[in-house]
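Colleague: give me the fold of what follows.
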Amino acid sequence: MPDSERADGGDQAWNRGVLRGYNERVLLDALRAAGSTSRAELARTTGLSKPTVSTALAALERAGLVRRTGEVSRGRGRGRAAVLYAADPAAGYVIGVDVGREWLRAAAADLEGTVVGRRDTPNTARSAGTMVRDAARLARAVAAEAGLDWSQVVHTVVGSPGVTDPGTHRVRYAVNLPGWGRSGLFDRLHAELGTGLDVLNDANLAALGEYALGAGQGSRLFAYLWVGTGLGAGVVADGRLFRGGHGAAGEIGYLPMFPLPQAAGPDPAAAGPATGGPRPAGYSARGGPMEDAASADAVVALARSMGMPEATTRTAKDVFAAARAGDATALRAVECEAARLAHAVAALAAVLDPELVVLGGGVGRNGDLLLGPLRTCLRELTPLRPRVVTSALGDDAVLLGAVARAAEAARERVFDTRHDA
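Modeller: Residues are numbered from 1 along each chain as shown. Coordinates of the predicted model:
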């Protein structure tokens with residue numbers, strides 16, 4: 001009999017309520033790992049006695065956290081069929097929200113992270129207050145479309161650019177979202193939503209999404225390199241997000257990068273710091289030197305500095321499309337972008353030694369064009385060369401990471417409040 005079941009008179013320090021809670025948590029975790037199973041099997045896998053399992057299961061069932069899923073025959077002559085139990089994923093629901101410069105995305109999911117509703121809409125807000133209201137309205141609309149009452153939503157996780165200070169809840173460095181870094185953002189979101197709430201960096205959530213459902217599954221240590229409107233990284237070690245001492249781990253956009261890799265063009269210096277030209281006195285990139293050098297705007301600046309006309313290079317997407325069509329100048333711009341990203345990967349390799357780096361974001365998803373020259377440059381830069389692949393989740397990485405993080409928090413919340421009803 002495990003120590004968790006001993007509450008004899010010689011050990012008065014044991015609180016019986018704590019002991020019951022421990023046993024219930026052990027069983028609930030075992031059910032989530034096993035799926036549908038019987039009391040006898042739970043007793044075998046957890047080491048708890050059959051009476052303890054029966055008592056704990058009954059309590060969890062009354063709390064709505066466990067449900068009966070059917071019966072299984074014990075075999076001829078072995079008595080009544082065994083009742084099967086499973087953790088009830090409908091004991092609560094969560095919302096994940098992805099706030100980006102171009103799009104707002106929201107999804108509703110159950111406690112296992114299974115998405116039951118989803119909606120994407122263009123982000124037309126021009127102020128933080130409007131963005132908060134739009135995100136909250138979208139979240140509530142998704143829940144309603146999934147047939148949920150808002151009272152069933154236990155926790156919400158919002159992903160956005162920037163770093164959320166764990167002490168003040170203030171978002172810093174979100175230079176691409178107007179007003180998003182002002183004080184009071186967390187409180188406004190909480191007031192609009194009324195649920196448990198976390199606001200986390202989008203690259204961090206994308207890393208969690210890839211770990212849960214994408215290219216990072218099974219990786220002991222990997223980094224997600226977000227390359228899009230901004231530049232950042234999320235790090236997952238042993239299944240857990242590494243955020244650093246102030247929540248800023250992975251803010252590689254602030255890495256120095258001088259001189260920048262560049263391709264020959266009509267006038268490289270004229271394009272300024274984004275293409276490797278000299279930096280004006282007092283120049284300071286809003287997102288940091290590496291972000292200024294390798295984000296989506298930098299791809300456009302590169303292509304134009306090398307001679308591509310503005311009319312055909314409005315966005316980074318245009319440059320990559322031209323490269324796929326065989327445009328020689330666009331291909332050179334893409335190769336230069338890959339070389340710059342190789343410097344980011346080399347920095348991650350030197351500091352973290354990840355076994356895997358996943359490229360994502362609007363630029364990073366172009367692995368068919370980027371991975372070859374990136375790997376070539378990486379071989380020239382460093383002997384530390386992690387495997388580099390493109391995201392398996394694409395645009396959904398942040399949203400699915402938010403859902404996974406919200407489901408984890410909600411499972412704890414519904415368990416901790418199981419006796420309050």
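Colleague: tell me where the model's unsure across this protein.
Modeller: 1-14, 74-79, 258-286, 419-421 (pLDDT under 70).
Colleague: which parts of it are helices?
Modeller: 16-34, 39-46, 50-62, 128-145, 185-193, 202-213, 289-294, 296-305, 316-324, 328-352, 361-364, 367-381, 397-416 (DSSP state H).
Colleague: so what secondary structure elements neighbour the fifth one?
Modeller: I take that to be helix 185-193. The contact analysis (3 or more CB pairs under 8 Å, 6 or more residues apart in numbering; DSSP states H and E) places helix 185-193 against helix 128-145, strand 196-201. In this view, the C-beta of every residue, glycine as well, is placed from N, C-alpha and C.
Colleague: over to the third one?
Modeller: With contacts defined as 3+ CB pairs under 8 Å, 6+ apart, helix 50-62 has these neighbours: helix 16-34, helix 39-46, strand 66-72.
Colleague: surely residue 215 meets residue 359?
Modeller: No - counting by CB atoms under 8 Å, residue 215 sits too far from residue 359 to count as a contact (9.3 Å).
Colleague: overlap of the contact sets of the two?
Modeller: 389-391 (CB atoms under 8 Å, 6 or more residues apart in numbering).
Colleague: make a markdown table out of these and add neighbour count and distance to residue 312.
Modeller: Shown next, in a markdown table, are these (neighbours: other CB atoms under 10 Å; distance: CB to CB, whole Å):
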| residue | neighbour count | distance to residue 312 |
| --- | --- | --- |
| 389 | 17 | 30 |
| 390 | 16 | 25 |
| 391 | 24 | 27 |
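Colleague: now those as a markdown table including distance to residue 408?
Modeller: Shown next, in a markdown table, are the shared contacts of residue 215 and residue 359 (distance: CB to CB, whole Å):
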| residue | distance to residue 408 |
| --- | --- |
| 389 | 25 |
| 390 | 26 |
| 391 | 21 |
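Colleague: I'd like to know which of the residues you listed are part of strands.
Modeller: Among the shared contacts of residue 215 and residue 359, the members falling in strands (DSSP state E) are 389-390.
Colleague: list the contacts of residue 160.
Modeller: Contacts of residue 160 (CB under 8 Å, 6+ apart): 98-100, 171, 174, 177, 180, 199, 201-202.
Colleague: I'd like to know which of those is nearest to residue 315.
Modeller: residue 100 (14.5 Å; CB to CB).
Colleague: which residues touch the closest one?
Modeller: 123, 160-161, 202, 229, 398.
Colleague: by neighbours, which of the residues you listed wins?
Modeller: Among these, the one with the most neighbours (other CB atoms under 10 Å) is residue 398, at 32 neighbours.
Colleague: does that one touch residue 159 like I think?
Modeller: Yes - proximity of residue 398 to residue 159 meets the contact threshold set by CB under 8 Å, at 4.6 Å.
Colleague: what do the two both touch?
Modeller: In contact with both residue 398 and residue 159: 98, 202, 205-206, using CB under 8 Å, 6+ apart.
Colleague: from residue 368, how far out is residue 27?
Modeller: Distance, residue 27 to residue 368, using CB to CB, to the nearest Å: 48 Å.
Colleague: same question, residue 163
Modeller: Where residue 368 is concerned, residue 163 sits at a distance of 31 Å (CB to CB).
Colleague: repeat that for residue 207.
Modeller: Taking CB to CB, one finds residue 207 at 22 Å from residue 368.
Colleague: residues in contact with the residue most central in space within the chain?
Modeller: Relative to the mean C-alpha position of the chain, the nearest C-alpha, by CA atoms, centre = their mean, is the one of residue 205, at 1.6 Å. Counting by CB under 8 Å, 6+ apart, residue 205 makes contact with 98, 157, 159, 234, 397-398, 401-402, 405.
Colleague: with distance to residue 335 added, can I get those in TSV?
Modeller: Putting the contacts of residue 205 into TSV (distance: CB to CB, whole Å) gives the following:
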residue	distance to residue 335
98	30
157	37
159	31
234	26
397	25
398	28
401	30
402	34
405	36
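Colleague: just the buried ones from those?
Modeller: Among the contacts of residue 205, those buried by neighbour count (16 or more other CB atoms under 10 Å) are 98, 157, 159, 234, 397-398, 401-402, 405.
Colleague: follow-up on the earlier one: just put the helices and strands packed on helix 50-62 in JSON lines and tack on distance to residue 353 and mean neighbour count.
Modeller: Putting the helices and strands packed on helix 50-62 into JSON lines (distance: least, CB to CB, whole Å; neighbours: other CB atoms under 10 Å) gives the following:
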{"stretch": "helix 16-34", "distance to residue 353": "30", "mean neighbour count": "17"}
{"stretch": "helix 39-46", "distance to residue 353": "35", "mean neighbour count": "17"}
{"stretch": "strand 66-72", "distance to residue 353": "42", "mean neighbour count": "15"}
